[in-house]
Structure formats: structure tokens, C-alpha cells
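# Based on what follows, work out the 3D shape:
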Amino acid sequence: MDVGSSLLLLGSSAVAVWFIFVRRATGGPREFLHRKTGTADPAAGYGLKTASFPPVSGFPLKILTTVLNSVFGTNFLIPHSIYKNSNGDLLRKIVIPEDPTMYPIMPFDGPSMPLGSKSTTDLTDLIRPRSKSKSPDEFRYWEVADFFQAYTSETTTPTEVAERAIQAIQDSERMQPPLRAIIQYDVDEIRKMAAASTERYRKNAPLSPLDGVPVCVKEELAVVPYYHRGGTDCLGCDAPATEDATVVTKLREAGAVILGVANMHELGMGVTGCNPNKLHGTARNPYNPQHFTGGSSSGSASAVGAGICPIAFGTDAGGSVRIPSALCGVVGLKGTFGRVSDFGGKLPDHPCECASLLHVGPIASSVRDAAITFALTAGPDPKYPYSLNQPIIDLENLDNTNLSGIRVGVDWRYLRHSSNCIVAACEKAIEHLENCGADVVDVQIPELEEARLAHVCIVTLEMAAGLAETFSHHYDKLTLPTRGLLAMRDVFPAYDYIQAMKQRTRTMNFLKEIFDKVDVIITPGTGTLAPRINLAELTYGSTPSVSDSALMRYMFLGNLAGIPGVTLPVGYSTDNLPMSLQVYAGWWREGVMLRVANAVERGIKRAKPQVHFSLLG
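Numbering: from 1, shown residues only. Below you'll find the predicted structure:
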């Protein structure tokens with residue numbers, strides 16, 4: 001080797017040694033953004049980003065998932081390309097002075113609900129049937145009040161309705177394509193519950209307005225005697241559940257007829273409802289079966305939208321109750337964090353996947369039905385510590401559409417960050433609220449992009465921690481999109497998680513200030529219509545895309561801050577796909593939120609879905 005080559009080799013080695021062993025790789029960005037305690041940064045502006053990733057499905061998704069979980073993927077592709085290009089490192093660049101908030105629990109004034117108490121909410125006005133439609137051709141969903149009147153007047157019985165529901169489930173599975181809404185049911189179990197309810201009505205002793213009303217429950221919640229699989233083909237398949245989730249126990253105590261277990265996006269890790277698993281398949285949207293339902297509580301929303309039942313239950317850590325409700329043209333309610341117990345929501349022998357974000361809530365045919373079901377299933381549960389301290393539920397004046405004195409907040413920048421048709425429908429609904437006497441107040445929600453990223457970080461890490469063993473031992477049995485999303489867990493260090501919790505504190509404080517000035521905040525339900533199904537997605541699934549980002553755009557605030565939210569239909573596209581509006585309220589103020597939502601609903605004409613079953617004839 002000549003002198004020149006030796007010097008070159010020596011120099012290269014010195015540079016390599018310096019780069020690997022000497023050059024500092026710790027620290028952070030050269031310049032940090034500094035926030036002041038409790039004060040929004042005006043320079044940040046609106047700032048909410050939209051994901052720019054194209055959807056990947058079919059065989060390319062299989063290749064991408066393999067690469068993401070490789071050394072190259074976890075050490076280079078994800079952190080240096082996907083993560084940074086999606087603005088994921090923003091929170092690392094900010095000095096946040098607030099302390100972290102681990103759970104979004106807000107103190108309240110007034111008496112607490114006693115532990116073990118039954119609902120004392122007066123539901124009398126909510127079980128009076130509405131006046132009949134002006135036009136005989138106008139479509140309407142059957143509500144709890146209709147079932148209750150039919151049973152008490154002996155027009156029909158819970159047994160007769162249950163038989164129609166069984167037939168509806170079976171007919172929905174014979175469709176092409178199958179609806180795949182309810183994926184586990186037992187005819188004998190259904191008939192047994194219906195017969196008991198029929199006997200109670202014969203004795204004039206119904207347990208509640210839900211007595212004899214058909215309901216279904218997302219597979220994420222334990223329901224005896226069904227398998228508690230969480231949308232997978234590999235978990236909870238050995239033996240059926242032996243203990244009901246608390247919300248299921250309360251439904252049984254109310255006399256509801258539980259039809260079975262509803263479909264869902266695998267492990268709740270998606271917002272389309274696409275589930276390629278053989279035991280599940282993808283639930284279809286009753287307004288157009290060639291479109292997705294939304295997720296992750298896909299089957300619950302599909303069943304209610306198709307009229308198989310007027311009530312269903314789902315879970316919501318990032319819009320999983322509200323998104324499918326919005327896309328399927330029904331009502332989705334997420335109460336304040338801790339209002340409804342999540343006991344029984346964990347998969348067998350697993351920790352909770354999203355402990356600080358998860359809410360359990362009803363999907364219903366109407367705002368009234370959501371309110372009734374919420375009142376009967378919320379409350380303290382010793383098996384779920386975050387539910388123990390909560391105020392009494394107040395649904396007084398829910399049916400009063402005179403909204404004089406109600407202040408409706410609108411962040412117009414946020415509201416108009418949606419499809420044009422949805423914006424127009426929401427603006428029309430806000431005009432209707434003004435005609436009902438409400439005062440519309442301009443508000444600006446600070447640091448929406450920071451809040452979005454905080455939610456992404458928390459949901460990813462809490463999911464990853466809860467599913468660590470599953471991801472390790474059942475990797476090959478999980479769907480490709482789930483494998484890809486769980487690969488993201490190695491991108492987020494503990495530092496990011498703490499930063500996200502600090503941002504949660506800021507976001508909660510900002511919202512508290514806004515709710516001192518307004519009673520509710522109005523947003524669209526979603527930023528786009530129900531996406532059309534690509535056939536390749538039914539076999540392989542798909543990566544999150546621009547459409548997914550738009551579906552989640554108005555959801556993260558509710559989960560990050562723990563405030564209640566409800567989505568409801570406010571119109572239909574030219575293709576008869578539902579468009580929705582969301583009402584948020586301050587912590588524990590579900591009553592005023594539902595009253596405003598009910599007023600909106602009263603001004604909307606519902607359209608009939610392509611797939612619909614009538615349980616009352």
C-alpha cells in the first residue's frame with residue numbers, strides 16, 4: 001500500500017471514529033420553541049396538518065410492513081422519514097413549562113353519584129313517542145320510545161321483535177356482500193332474554209325503558225357467552241368470556257336483549273373498519289355497502305344504521321364511537337372521561353391498551369336514545385377507579401329546543417378544514433341553532449397541531465405497551481396494518497410521552513378557558529365522507545392515509561382532554577352518504593351537549609339507507 005492510500009485509510013478511519021465515538025448525538029434541535037404557562041403562542045396560528053401519505057394495500061403493503069419491522073425500518077425509515085415528514089418531532093422542539101397530566105380527570109362542584117346507585121335521571125319525557133312524520137314517505141328510525149310504547153300497549157312483544165332481529169342478522173349475512181355487523185350471536189340466548197322481558201311486560205313490571213330493546217356490543221367488550229377477541233383471529237379464541245363488562249351488566253339489569261357481539265377494526269387500531277381477518281371480515285356501510293363504516297366500532301354503527309338494533313355499544317380512544325356513527329348516519333356519544341366504566345374492555349390477561357384515552361359509549365338511532373342509554377349505563381364502578389368520583393347526570397330540558405341563553409362556540413378555521421359539502425351542512429345546522437335562540441360565539445382553539453401529535457404519541461405508546469406480548473408472540477397472526485402501526489412504537493422515547501402529557505395539560509387548560517365563555521363547541525363530525533372500499537384492502541388492509549387523517553381531524557380533542565362529544569347526521573351527499581356534525585361540551589356537561597345535539601337533530605330530515613331492516617313493521 002502506497003503512502004497516499006495509507007493516509008486516505010487513516011483519515012477515513014479517524015473520521016469514522018470521530019463520527020461514531022466522539023461526535024455528540026444527544027440533545028435536541030439547535031433552537032427550541034418556548035411556551036409560557038397557560039398562554040398560547042400567537043405565532044403558531046392555526047397550524048393543523050393533514051397527513052400526506054398515500055394509501056398502500058395489496059402485496060406492496062406486505063413488503064412495506066416487513067421493511068418497517070426490520071433494522072432498516074425501525075432505525076432509519078420510520079424515525080428519519082415517516083416520523084419527521086408527518087411532523088412527529090414537533091413536540092421535541094418545544095419547551096413546555098406545564099406539569100404532565102397522566103389522566104384527563106377534571107374536578108367538579110356539587111354532589112357526587114353514590115357508589116352502587118341506580119340512575120336517578122328522570123327519563124319520562126324521553127320515552128314519549130315523537131309526533132309522527134308529516135309525510136308518510138319520510139324515513140325515520142325506530143327509537144327506544146317506540147319499542148317501549150309498542151310493548152306497553154301490547155302491539156307487539158319483545159319475543160316477536162327478537163325474532164325479527166334474528167331474521168335481520170341472518171338476512172344481513174346472506175347479502176352480497178354480507179353486512180358483517182354482528183359476528184357472534186346465539187339464537188337461544190336471544191330468545192331466552194326476550195322471553196323474560198315479555199313476561200315482565202305481561203306483569204306490567206319492565207325494568208327500564210330499555211327492557212326488551214335489542215342491543216349489540218363491540219367485540220372489545222366482554223359479553224358472556226361470546227369470545228372476547230378484540231377483532232383478532234388469535235386472542236381470546238380459546239374460551240368464551242366468563243364475566244360481563246360492567247356496561248353489559250348494566251344493560252342486562254335494564255332488561256335489554258343483547259343480540260350478540262359486533263365487528264370491529266382489529267384491536268381498535270384503525271378508523272376505517274377494514275378487518276381482513278377470516279373470523280371477522282369488513283363490516284359494510286348500510287348507506288352504501290361499497291363504502292367503509294368507519295372504525296373501530298364498525299359493526300356497532302353498521303347494525304344501528306341498518307336497523308338491526310336501535311342501540312349498540314363501542315369504545316373510543318381516538319373517535320372509534322363517533323367516526324363510524326358519523327359515516328353510518330347515526331348518533332355516537334362519548335361522555336366525559338370516566339363517566340362509563342371500561343371494566344371488561346381489556347382483552348383476557350392483557351393490560352388496557354389506551355388507559356388514559358379510552359371511553360365507552362353508546363351508538364344510537366337518535367340523540368334521545370343515546371341520552372337514555374348513557375343515563376342507564378354511566379356511574380361509579382368499583383372495578384374502574386377513574387369512574388368513582390363523578391357528578392349526578394342532568395338531562396333536564398333535553399327536549400326543549402328553545403336555546404335562548406345557550407352559547408355555541410365555533411372555531412371557523414377548524415370547522416372549514418373539511419370537505420365543502422360537510423362544511424355547508426354544518427353551517428346550515430349552526431344557522432338552525434341560531435334560529436332556535438342560541439348565540440354563536442367565535443372561538444379559537446390554540447395549538448391544535450400540538451394536541452393532535454400529543455394524542456398520536458399517547459395512543460401509540462399506550463397501545464404498544466398493552467400489546468407488547470401480543471406483538472411479540474402473535475406477530476404473524478396480526479393483520480399487516482396492525483404490524484405496521486405497532487412498529488412505530490420504537491420511534492417514541494419516554495421523553496415524547498412526557499411531552500405529550502404536558503401538552504395534554506395545556507390543551508385542557510385552553511379548553512377550560514373556552515368553556516368559561518361558551519356552553520358547547522361545534523365541529524364537523526369528520527373531515528371527509530365514508531371512503532370507498534378498494535378490493536385489495538379487503539384481503540390485506542391498508543396503511544393510514546390522507547382520508548384517515550381527515551376522519552380523525554375532529555376527534556383527538558375529546559380523547560386527549562377527556563371532554564364529552566357527540567356526533568350526529570346533518571345531511572347527505574349527492575350519493576346519499578351521511579354528513580355529520582359534532583357537539584363538544586365541558587367536562588361533566590353532557591346534558592347541555594345533548595340538548596344542543598337534539599335541537600340540531602330536530603331540524604334534519606333523515607335519509608333511508610340502502611340496507612335497512614324494520615323491527616316494528
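
# List the residues that contact the residue lying closest to Ala239 once chain neighbours are set aside.
Once its chain neighbours are removed from consideration, Ala239 has its nearest residue in Tyr227; the separation is 7.8 Å (Cβ to Cβ, 6 or more residues apart in numbering). Just so you know, the C-beta spots here come from the backbone N, C-alpha and C atoms, and that holds for glycine as well. Residues near Tyr227 by Cβ atoms under 8 Å, 6 or more residues apart in numbering: 184, 219, 236-237, 239-241, 261.

# just Pro446 next, same as before
If a contact means Cβ under 8 Å, 6+ apart, then Pro446 has 40-41, 44, 510 as its contacts.

# Drop anything exposed from those.
Applying a neighbour-count criterion of 16 or more other Cβ atoms under 10 Å, the buried members of the contacts of Pro446 are 40, 510.

# now, which of the contacts of Pro446 sits nearest Ile311?
Within the contacts of Pro446, the smallest distance to Ile311 is 34.1 Å, found for Phe510 (Cβ to Cβ).

# Give me the buried positions along whatever helix or strand the closest one lives in.
Take DSSP states H and E as the rule and Phe510 turns out to sit in helix 494-515. Residues of helix 494-515 classed as buried under the neighbour-count rule (16+ other Cβ under 10 Å) are 496-511, 514-515.

# What of stretch 316-324?
Residues 316-324 are the ones in stretch 316-324 that count as buried (16+ other Cβ under 10 Å).

# Taking these, tell me the two that lie furthest apart.
Ala317 and Pro324 (13.4 Å).

# how far out from the middle of the chain is stretch 571-588?
Between the centre of stretch 571-588 and the centre of its chain there are 13 Å (Cα atoms, centre = their mean, to the nearest Å).

# what secondary structure does the residue nearest to Ala239 sit in?
On the three-state scheme (DSSP: H, G, I helix; E, B strand; the rest coil), Tyr227 is labelled coil.

# show me where the stretch 501-617 of the chain has helices.
Listed in chain order, the helices of the stretch 501-617 of the chain (DSSP state H, counting those that start in this stretch) span 535-540, 546-552, 556-561, 590-602.

# Same question for the first one: list its buried residues.
Pointing back at helix 535-540 there. Neighbour count says helix 535-540 has 536-538, 540 buried, by 16+ other Cβ under 10 Å.

# possible to save those residues as a markdown table with pLDDT?
Output for those, formatted as a markdown table (pLDDT from 0 to 100):
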| residue | pLDDT |
| --- | --- |
| Ala536 | 92 |
| Glu537 | 95 |
| Leu538 | 95 |
| Tyr540 | 94 |
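
# Can you show me the helices along the stretch 101-250 of the chain?
If you assign secondary structure with DSSP H, counting those that start in this stretch, the helices in the stretch 101-250 of the chain sit at 144-152, 158-174, 187-202, 246-253.

# Could you export those as JSON lines, including distance to Arg413 and mean neighbour count?
Formatted as JSON lines, these follow (distance: least, Cβ to Cβ, whole Å; neighbours: other Cβ atoms under 10 Å):
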{"stretch": "helix 144-152", "distance to Arg413": "38", "mean neighbour count": "22"}
{"stretch": "helix 158-174", "distance to Arg413": "41", "mean neighbour count": "19"}
{"stretch": "helix 187-202", "distance to Arg413": "48", "mean neighbour count": "17"}
{"stretch": "helix 246-253", "distance to Arg413": "36", "mean neighbour count": "22"}
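
# quick one: which of the ones you listed is nearest Thr74?
The minimum distance between Thr74 and the helices of the stretch 101-250 of the chain falls on helix 246-253, with 37.4 Å, by Cβ to Cβ.

# Mind giving me the packing neighbours of that closest one?
Helix 246-253 sits against strand 214-218, strand 257-262, strand 311-316, helix 367-377, with contacts defined as 3 or more Cβ pairs under 8 Å, 6 or more residues apart in numbering; DSSP states H and E.

# What lies in contact with the helix holding Phe510?
The set of residues external to helix 494-515 that reach it, using Cβ under 8 Å, 6+ apart, is 35, 38, 40, 91-92, 94, 96, 98-102, 104, 106, 409, 443, 445-447, 450-451, 453-455, 457-458, 461, 521, 557, 560-563, 585-586, 589.

# and these, which of them are in strands?
94, 409, 521, 585 (DSSP state E).

# tell me the SS of Val441?
Under three-state DSSP, Val441 comes out as strand.

# and it, what pLDDT?
Per-residue pLDDT puts Val441 at 98.

# What's the local residue count around it?
Counted with other Cβ atoms under 10 Å, the neighbours of Val441 add up to 14.

# So which of the buried residues of stretch 316-324 are in helices?
Counting by DSSP state H, the members of the buried residues of stretch 316-324 that fall within helices are 322-324.

# Let me know the closest of these to Ser341.
Arg322 (19.1 Å).

# in the protein, which residue is closest to the centre?
To find the centre residue of the chain, average its C-alpha atoms and take the closest one (Cα atoms, centre = their mean): that gives Ser320, at 2.1 Å.

# any idea how far Glu447 is from that one?
Here Ser320 is placed at a distance of 24 Å from Glu447 (Cβ to Cβ, to the nearest Å).

# what do you get for Ile458?
With the distance defined as Cβ to Cβ, Ile458 ends up 15 Å from Glu447.

# Please say which of these two ends up with more neighbours.
Per other Cβ under 10 Å, whichever of Ile458 and Glu447 has more neighbours is Ile458, with 27 against 20.

# distance of the residue lying closest to that one once chain neighbours are set aside from Tyr572?
Excluding its sequence neighbours, the residue lying closest to Ile458 (Cβ to Cβ, 6+ apart) is Ala500, at 5.0 Å. When Cβ to Cβ is the yardstick, Ala500 and Tyr572 sit 37 Å from each other.
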